[in-house]
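In: Below are the sequence and a predicted model for it; my questions follow.
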Amino acid sequence: MWPRIKEFFIKYEHKIILILGFVLVAAISFEAGMIKGKEIKEKPLIIENLSVSQAQTDKDGSKAPEAQNLSQESQNGTNEIDTPPQNCTYLGSKNSNKYHLPSCRWAKQIKPENRVCFSSVDEAKSRGYLPDKNCIK
């Protein structure tokens, strides 16, 4: 058994040493990164979501005209683009061949003038639409 091992080592000596060298360099680099990572202690990044009225307020404290219009629109009701029609089981676009659930984020981005309503999967497929893989599994 020992002669076979010795013969194998002699035959592949350079490759074995090269592989061991790569493994050692990788292990040392990993450990050095871990040690350096423990030394660096940064505060976590906190992202705050400001409302429209806070984000577009002038320096003197009065709202900009655009901010007043946006806040009035948001108070008057929901935006048509964000709310899908109530009688649609599935929603498609005139500009694509995919259909979505109305709750899907992609369906909410379809402009009202491009929306196509489907009452069933069969209706959508018969009109040449395919299910969106992100919304419908």
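Out: Sure, I can see it.
In: Would you point out the helix or strand in the protein whose mean pLDDT is lowest?
Out: Ranked by mean pLDDT, DSSP states H and E, the weakest helix or strand in the chain is helix 65-76, scoring a mean of 46.
In: For the closest residue to P131 other than its chain neighbours, list the residues it contacts.
Out: Among residues not flanking P131 along the chain, Y99 sits closest, at 6.2 Å (Cβ to Cβ, 6 or more residues apart in numbering). C-betas here are computed from N, CA, C, even on glycine. Y99 sits next to Y90, L91, G92, V116, F118, A124, Y129, L130, P131, D132, I136 when contact means Cβ atoms under 8 Å, 6 or more residues apart in numbering.
In: okay but the fifth one is in contact with L91, surely?
Out: Yes - at 7.3 Å, F118 and L91 qualify as touching, with contact defined as Cβ atoms under 8 Å.
In: where's stretch 31-41 relative to the chain centroid, distance-wise?
Out: 29 Å (Cα atoms, centre = their mean, to the nearest Å).
In: now for the longest helix along the chain, which elements pack on it?
Out: Across the chain, the longest stretch assigned as helix under DSSP state H is helix 13-39. Here helix 13-39 touches no other helix or strand, going by 3 or more Cβ pairs under 8 Å, 6 or more residues apart in numbering; DSSP states H and E.
In: Could you list the residues in contact with stretch 28-45?
Out: Looking at what lies outside stretch 28-45 - Cβ under 8 Å, 6+ apart - there are no contacts.
In: What's the mean pLDDT across it?
Out: Averaging pLDDT along stretch 28-45 gives 82.
In: With stretch 127-137 instead?
Out: 86.
In: Show me which residues of that stretch are buried.
Out: Y129, P131, D132, C135 (16 or more other Cβ atoms under 10 Å).
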